[in-house]
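Quick check, what structure comes out for this input:
(one chain, ligands or ions: 1)
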Amino acid sequence: MIPQVKPQLGREEEEAVLEVLRSGMLAAGRQVREFEEKFCAYNNSRFAVATSSGTTALHVMMEAVGIRPGDKVFVTPYSFIASANAILYTGAIPVFVDIDPATFNLSYQELEHAAKKHPDAKAILVVHLFGLPADMLEIVELAHKQNLILLEDCAQATGAAYRGVKVGNFGKAAAFSFYPTKNMTSGEGGMVVTGDPAAEEKARILVNQGQRRRYDHEVVGYNYRLSNIHAAIGLAQLGKLDEFNRIRVENAMYYQQRINNPEVIKPGLPADRTHVFNQYTVRVKDREKFTSYLTARDIGFGIYYPQIIPAQKPYRDNHAGAWPAAEKLSESCVSIPVHPSLRRDEVMFIADAINNYG
Ligand SMILES: Cc1ncc(COP(=O)(O)O)c(C=O)c1O
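This is a model prediction of the structure:
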């Protein structure tokens, strides 16, 4: 079976982990600070605070920028559930805004509409889904005009850029994930980045039990710290990220050019942004038939996502509304392997198999 996801780990990661184990310093050490510094440098961000996951990064980011109970936050219904859960953790209210089916990202027109309907909203959480930056020019302008705090969920888009600017630098703060399915991994792990020193200070205190100095607790914080072991893996992976992303893009471009089956709709690719293809997601009419066809040929696939967030149990009773574009995509989407561990002949085999489907 050609796996749908597969992290690429090598000698560098093994040696980095062994070095931490042999040092006996498993937490709060040099590797975490170095990971933060190198991530800042990579992403052209001013500050970075490492966290134990992308989810905890999102939560801390929300609190650090002052999202409070009752605040309305615009967010896509079409993402991994953590994007919206982070809003609920703070007691704020997710306001779901439909997507653009060509890009799977928040529709700017729908957002403009929602902003008129909810003039009291506090923030927008933009998700750069599957590695494709959202329509940042329009979204930044709208956030500015309506005085909305702009936040980014970059979990699937480490290294992606919009008009040459890396994601994570468009709003007040951003969150990244280093889960093994992401463009780079630290095992589990995440990062909050911001250009605002006050937000950085708050995030740093919140991830470490609310303490600035040892046993001097200023607020109710969390243990959301990243361990040295995870940071060491993250550091090794960060050094390889551009190469990983280059191969992802190469694989995706092969599909873009080679797949020509009218039964299979390829993803939209706006020219003004650098997609890093955490997923390569197509749309098909009969998903059952298409995925059975892939399985019969030993081609792995993923369904991201089979249900939109407002249809999930914790949301469905409190979030009435209609998101027809997102709902339609959740019924027709299929992600095929695009990761950098694929061999060239596997990519060619997958494209040919898809062209013969029907
Ligand atoms: C868009 C998005 N946001 C948030 C997360 C949460 O990240 P993590 O799994 O590291 O907690 C993920 C990944 O799983 C994600 O894909």
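
Return the set of buried residues in stretch 97-117.
Neighbour counts using 16 or more other Cβ atoms under 10 Å place 97-101, 103-108, 110-112, 114-115 of stretch 97-117 among the buried residues. Placement of C-beta: from N, CA and C, glycine included.

do the same with stretch 128-139
Here stretch 128-139 shows His128, Leu129, Phe130, Gly131, Leu132, Pro133, Ala134, Asp135, Met136, Ile139 as buried, counting by 16+ other Cβ under 10 Å.

swap in stretch 341-357?
Buried residues in stretch 341-357 (16+ other Cβ under 10 Å): Leu342, Val347, Phe349, Ile350, Ala351, Ala353, Ile354.

returning to what we had before: closest to the ligand among the buried residues of stretch 128-139?
For the buried residues of stretch 128-139, the residue nearest the ligand by Cβ to the nearest ligand atom is Leu129; the value is 6.5 Å.

and the closest one, what does it touch?
Thr76, Tyr78, Ser79, Phe104, Asn105, Gln156, Ala157 (Cβ atoms under 8 Å, 6 or more residues apart in numbering).

Over to it: give its phi and psi.
phi -70, psi 140 (degrees, to the nearest 10).

So what's the predicted local confidence for it?
Note on Leu129: pLDDT of 98.

thinking again about what came up before, would you mind putting the buried residues of stretch 341-357 into a markdown table with secondary structure and pLDDT alongside?
Output for the buried residues of stretch 341-357, formatted as a markdown table (DSSP: H, G, I helix; E, B strand; the rest coil; pLDDT from 0 to 100):
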| residue | secondary structure | pLDDT |
| --- | --- | --- |
| Leu342 | coil | 98 |
| Val347 | helix | 98 |
| Phe349 | helix | 98 |
| Ile350 | helix | 98 |
| Ala351 | helix | 98 |
| Ala353 | helix | 98 |
| Ile354 | helix | 98 |
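
And the residues you listed, which is closest to the ligand?
Leu342 (20.3 Å).

list the contacts for that closest one?
Ile2, Ile247, Asn251.

Out of the residues you listed, grab the one that's most surrounded.
When neighbours are counted by other Cβ atoms under 10 Å, Asn251 leads the contacts of Leu342 with 23 neighbours.

which residues does it contact?
Asn251 neighbours (Cβ under 8 Å, 6+ apart): Phe277, Tyr280, Val338, His339, Pro340, Leu342, Val347.

In strands only, show me the residues you listed.
Among the contacts of Asn251, the ones falling in strands (DSSP state E) are Tyr280.

For the contacts of Asn251, which single residue is the most surrounded?
Going by other Cβ under 10 Å, Phe277 tops those with 29 neighbours.

Ala155 is in contact with Phe80, correct?
Yes - applying Cβ atoms under 8 Å, one finds Phe80 in contact with Ala155, separated by 7.1 Å.

residues in contact with the residue of the stretch 1-150 of the chain found nearest the ligand?
Of all residues in the stretch 1-150 of the chain, Gly54 sits closest to the ligand, at 2.4 Å by Cβ to the nearest ligand atom. Counting by Cβ under 8 Å, 6+ apart, Gly54 makes contact with Ala82, Asp153, Ala155, Ala175, Phe176, Ser177, Phe178, Tyr179, Lys182, Gly189, Gly190.

Same question for Ala161.
Pro133, Val167, Arg273, Thr274.

Go again with 6 Å.
With contact set as Cβ atoms under 6 Å, 6 or more residues apart in numbering, Ala161 has these partners: Thr274.

ok, back up a step: could you single out the nearest of the contacts of Leu129 to Tyr42?
Proximity of those to Tyr42 (Cβ to Cβ) peaks at Ala157, which lies at 13.3 Å.

The closest one in helix, strand or coil?
coil (DSSP: H, G, I helix; E, B strand; the rest coil).

Same check on Gly187?
Classified using three-state DSSP, Gly187 is coil.

what's the helix or strand for the closest residue to it other than its chain neighbours?
Leaving out its chain neighbours, the residue that sits closest to Gly187 by Cβ to Cβ, 6 or more residues apart in numbering is His230, at 5.0 Å. Element membership of His230 [criterion: DSSP states H and E] is helix 228-238.

and the stretch 201-350 of the chain, which residues reach the ligand?
Taking Cβ under 6 Å from any ligand atom as the criterion, the ligand has no neighbours within the stretch 201-350 of the chain.

rewinding a little: among the contacts of Gly54, which are within reach of the ligand?
Ala82, Asp153, Ala155, Ser177, Tyr179, Gly190.

What about these, which are in helices?
Counting by DSSP state H, these place Ala82 in helices.

Which of Phe80 and Ala155 has more residues huddled nearby?
A count of neighbours by other Cβ under 10 Å puts Ala155 above the other of Phe80 and Ala155, at 29 against 19.
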